[in-house]
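J.: Make a model of this:
(2 chains)
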Amino acid sequence: MKRRSQSNHLILLAALLPGVGHIVLGKRGRGIRLLVVTIAVILVMYWRWEVFVSAFHSTRIDHWLAAVFLIVSLAASVTYSVWDVRRLLTEIPMATRGKSPYQLARRRFRANRLAVTAVYVITAFYILAVLAPLLAPYDPSAITDVLKTRFLPPSMDHPFGTDAFGRDLLSRALYGARVSLSVGLLAVMIAISMGTVYGAVAGYFGGFIDNVLMRIVDVVIAIPTFFLMLMLVGIFEANLVFLVLILGLTSWPGTARFIRGEILSLKQREFTEAARAIGLPNRLIIFRHLIPNALSPVLVSTALMIGGMIGAEAGLSFLGIGIRPPTPSWGNMISQGKDALLVAWWVAFFPGALLALTVVCFNLLADGIRDALDPKALMQRFV
Amino acid sequence: MSWYIIKRLIQAVPLLLGVATVTFLIVHLAPGDPMDMFLENRNLRNIDPEVIELIRQKYGLDQPLHVQYVKWLGNLLQGDLGESFEHRRPVSALLAEAIPYTLQLTALALLLDALVGIALGIFSAVKQYSVLDKTVTIGSLIIYSLPSFWLALMLVLVFSVNLGWFPTSQTRSLDYEFLSWFEKLADLAWHLVLPVFVLGIASAAGTARYMRSRLLEVLNEEYVLAARARGLKERAVILKHALRNALIPIITIYGLSLPFLLGGAVIIETIFAWPGMGRLAVLAIQARDYPVILATTMIAAVLTVIGNLVADVTYALVDPRVSYEKKKPV
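T.: Alright, predicted model coming up:
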């Protein structure tokens, strides 16, 4: 009976302050993470209460989204905390259960401290980007008394300083993160899915189809990607959607080639033969049996590509043909910083540093995934 | 061997034809024809329509697409790349001025890449898990990830603006004409330091990482063990036995790194006001100067194809295991 009431207290505690229950139960890592998330959410709500409330009446979808995101994450952390504490209290740990290759890979990944840190940084950046309307101390495009506020060096009021129009660079960097991070992610999703399907079709059907499809890949690969992007972005007056499409549609051939190679060997294996023997249509063989088996190495290149895409978008915006100036993106902020390099180093420095940090983290993540998937390689690469 | 080279050359022909077709289609599939884009970009919409029609006729833009395509291809084969809208000069002349600058930059960057990248990779692999190794692996990852244009700006800020060691941009000093030949050379080198460093160091970081893992792989091979067992000096084992085999795949990496260098050169040339092909392409895109856009993309593709070809042929020369007759499609 005593045990029962104790566990009820614990669940109540977990609901009131997610994470504490876990810490009491000895799951410190998970508990601290939950606690940090919850406290951060509450702090943001408290600190920006007025913006938070007005966001629900706002006509701007991004304000609304940020506020909803806060509420959802608070609700999610409470629910998860209660659910997980209950599970921990009732479930008897099974020590002797075997581990699947995926679980083993996950464990190896968790042991890689650099890669795990990279995941945290990336997640934090994406959350900051979503919450930009709530977090940004100033309006990113507000231009006030320019003569007094332009090129203010970093200070407590303006941690990243101000630019040529007196706009707060921290706010602009937060808003810019939304563009840079989402463009990278979406473009890679396009490139990977297109490349995967294309390569799988070529590899599976082989023969004439394969020949034609792969010659097309040869042609696209022969044009240096950045030149191709430059040409397309320049010709099709790129807005955000077009930019994502162009970045995605120029970067798939590498994945296609890789997947084709994988499929060529997978289709010789017995399970494909079995699938064909029971009369599965080609579509199902490709999507259910071949692609899932070829996909795990693609994870590595996905992480690498997101970093590369974010860099490419920044490069195009830097050249003045990607995201156009009133909308902030890290690339066009650096471009503006280039013109002000002699008087205000901070204009170019901070967005670039954020960009560099993001790309470094994605590359660390890619390394981590590769090592986790390929234990042999771990002996050679420890970073 | 020569048969193999000829075969590879023949294979490159349809590839380049494909590239030419793709670039032509992209430019002409865009909304409005190239003339519209050019005029719109310069706010020249108010020109007399008859004049515009005359210009169209002059550049052959009034003809159906397939006629334009055949004509363009025919001219391309004769080395005639058309005339720039912006500069009113033959594109080939513009390119002839720009390409040497780009080659200068990329060749030196490739050299830096080879020297620094391979050397660091070897040190790193030989002294695995040492402080040097850790520094190289982490440092190379960071350098590899830095956006080149930001790195360039920061280096300019530190070394040109604050320290004044190197010029901020341009290819030569104002008093270049009055210098002796030796001073001219020094002046050129002085202007090359920063752009070449920024362009080369990122790919050097990539090479170092690749070299390290390759050499570690080779060092696990049995013939290395055999060489050690015969009592060879460690130096000889590494330089004579392991390194040679580890270097072979690097050749392919170099062939593949050319498009990245050319792409990187676009940004570096723009920052350092380097009058190369990349800068020409950027300026052409900003001015919607489509003959130049087409030509620069074409040339970049041709250089890439040549790079791959040279890499494959060198590979075949260096590695006797590659048979010339039955080559895997690359």
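J.: which parts of the stretch 151-300 of chain B sit against chain A?
T.: Counting by C-beta under 8 Å from any C-beta of the partner chain, the residues of the stretch 151-300 of chain B lying close to chain A are B:153-154, B:156-157, B:161, B:212-213, B:216-217, B:258-260, B:262-264, B:266-267, B:270-271, B:281-282, B:285-286, B:288, B:290, B:293, B:296-297, B:300. All C-beta spots, glycine's among them, are computed from the backbone N, C-alpha and C.
J.: Quick check: the residue nearest the centre of chain B vs B:Pro195, distance?
T.: By C-alpha atoms, centre = their mean, chain B has its centre lying nearest to B:Leu262, at 2.6 Å. As judged by C-beta to C-beta, to the nearest Å, B:Leu262 and B:Pro195 stand 14 Å apart.
J.: Show me the strands in the stretch 251-383 of chain A, by range?
T.: Remark: no strands are assigned in the stretch 251-383 of chain A by DSSP state E, counting those that start in this stretch.
J.: excluding its backbone neighbours, what's nearest the closest residue to chain B within it?
T.: Residue of the stretch 251-383 of chain A nearest chain B, by C-beta to the nearest C-beta: A:Gly352 (3.4 Å). Distances taken as C-beta to C-beta, 6 or more residues apart in numbering or on different chains place B:Trp150 nearest to A:Gly352, at 3.4 Å, with adjacent residues excluded.
J.: got it, and A:Leu35?
T.: A:Gly19 (3.2 Å).
J.: can you list the weak-confidence ranges in the stretch 151-300 of chain A?
T.: By pLDDT under 70, the low-scoring segments of the stretch 151-300 of chain A are A:238.
J.: Just the element for residue 232, please.
T.: Because you didn't say which chain, this covers chain A. Counting by DSSP states H and E, the element that carries A:Leu232 is helix A:225-235.
J.: Give me the packing partners of that helix, helices and strands only.
T.: On a contact count with 3 or more C-beta pairs under 8 Å, 6 or more residues apart in numbering or on different chains; DSSP states H and E, helix A:225-235 meets helix A:240-250, helix A:296-318, helix B:2-29, helix B:243-271, helix B:277-287, helix B:290-318.
J.: CSV for the ones you listed, including distance to B:Ser145?
T.: Output for the helices and strands packed on helix A:225-235, formatted as CSV (distance: least, C-beta to C-beta, whole Å):
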stretch, distance to B:Ser145
helix A:240-250, 18
helix A:296-318, 7
helix B:2-29, 30
helix B:243-271, 14
helix B:277-287, 21
helix B:290-318, 24
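J.: Was I right to think B:Leu194 contacts B:Ser160?
T.: Yes - if you go by C-beta atoms under 8 Å, B:Leu194 and B:Ser160 touch, sitting 7.2 Å apart.
J.: Give me the common contacts of those two.
T.: Residues touching both B:Leu194 and B:Ser160 by C-beta atoms under 8 Å, 6 or more residues apart in numbering or on different chains: B:166-167.
J.: Which of those two has more residues huddled nearby?
T.: Taking neighbours as other C-beta atoms under 10 Å in any protein chain shown, B:Leu194 and B:Ser160 compare with B:Leu194 leading, 22 against 17.
J.: Is the closest residue to chain A within the stretch 101-250 of chain B part of a helix or strand, or is it coil?
T.: At 3.4 Å from chain A, B:Trp150 is the closest residue in the stretch 101-250 of chain B, using C-beta to the nearest C-beta. With DSSP: H, G, I helix; E, B strand; the rest coil as the basis, the three-state label of B:Trp150 is helix.
J.: ok, it - contacts?
T.: Going by C-beta under 8 Å, 6+ apart, the list of residues near B:Trp150 reads A:334, A:348, A:352-353, A:355-356.
J.: Save those as JSON lines, and put in pLDDT and neighbour count too.
T.: JSON lines is the format used below for the contacts of B:Trp150 (pLDDT from 0 to 100; neighbours: other C-beta atoms under 10 Å in any protein chain shown):
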{"residue": "A:Ile334", "pLDDT": "85", "neighbour count": "25"}
{"residue": "A:Ala348", "pLDDT": "80", "neighbour count": "26"}
{"residue": "A:Gly352", "pLDDT": "87", "neighbour count": "24"}
{"residue": "A:Ala353", "pLDDT": "88", "neighbour count": "17"}
{"residue": "A:Leu355", "pLDDT": "90", "neighbour count": "30"}
{"residue": "A:Ala356", "pLDDT": "89", "neighbour count": "21"}
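J.: and of those residues, the nearest to B:Glu97?
T.: A:Ile334 (29.0 Å; C-beta to C-beta).
J.: so who does the closest one touch?
T.: Counted by C-beta under 8 Å, 6+ apart, A:Ile334 has contacts A:314, A:318, A:348, A:351-352, A:355, B:147, B:149-150, B:153.
J.: cool, and B:Ile299?
T.: B:95, B:99, B:277.
J.: out of the residues you listed, who has the most neighbours?
T.: Busiest of the contacts of B:Ile299 [other C-beta under 10 Å] is B:Met277, holding 30 neighbours.
J.: Could I get the contacting residues of A:Leu316?
T.: With C-beta under 8 Å, 6+ apart, A:Leu316 has these contacts: A:229-230, A:233, A:238, A:243, A:322, A:331.
J.: could these go into CSV alongside neighbour count and distance to B:Leu16?
T.: Listed next are the contacts of A:Leu316 as CSV, based on neighbours: other C-beta atoms under 10 Å in any protein chain shown; distance: C-beta to C-beta, whole Å:
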residue, neighbour count, distance to B:Leu16
A:Met229, 27, 20
A:Leu230, 31, 20
A:Val233, 23, 24
A:Ala238, 22, 27
A:Leu243, 26, 28
A:Gly322, 27, 29
A:Gly331, 30, 32
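J.: Going by distance to B:Pro167, which of those residues wins?
T.: Distances from B:Pro167 to those, taken by C-beta to C-beta, are shortest for A:Gly331, at 25.1 Å.
J.: Which element is encountered next along the chain beyond the worst-scoring helix or strand of chain B on mean pLDDT?
T.: Each helix and strand of chain B was given a mean pLDDT (mean pLDDT, DSSP states H and E); the minimum falls on helix B:34-41 at a mean of 67. Using DSSP H and E, the helix or strand that follows helix B:34-41 in sequence is helix B:49-59.
J.: Could you tell me the angle between that next one and helix B:290-318?
T.: Counting by axes from the mean of the first three to the mean of the last three C-alpha atoms, to 10 degrees, helix B:49-59 lies at 20 degrees to helix B:290-318.
J.: chain center to stretch B:198-207, what's the gap?
T.: On the basis of C-alpha atoms, centre = their mean, to the nearest Å, stretch B:198-207 sits 12 Å off its chain's mean C-alpha point.
J.: Please read the previous query as pertaining to stretch B:196-203.
T.: 12 Å.
J.: Next: stretch A:198-211.
T.: That offset, for stretch A:198-211, works out to 31 Å (C-alpha atoms, centre = their mean).
J.: quick one: buried residues of that stretch?
T.: A:198-204, A:210 (16 or more other C-beta atoms under 10 Å in any protein chain shown).
J.: What of stretch B:304-318?
T.: B:304-305, B:307-309, B:311-313, B:315-316.
J.: With distance to chain A and pLDDT as extra columns, can I get these in a markdown table?
T.: A markdown table is the format used below for those (distance: C-beta to the nearest C-beta, whole Å; pLDDT from 0 to 100):
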| residue | distance to chain A | pLDDT |
| --- | --- | --- |
| B:Thr304 | 6 | 84 |
| B:Val305 | 5 | 85 |
| B:Gly307 | 10 | 82 |
| B:Asn308 | 8 | 82 |
| B:Leu309 | 11 | 83 |
| B:Ala311 | 13 | 81 |
| B:Asp312 | 13 | 80 |
| B:Val313 | 17 | 81 |
| B:Tyr315 | 18 | 78 |
| B:Ala316 | 19 | 76 |
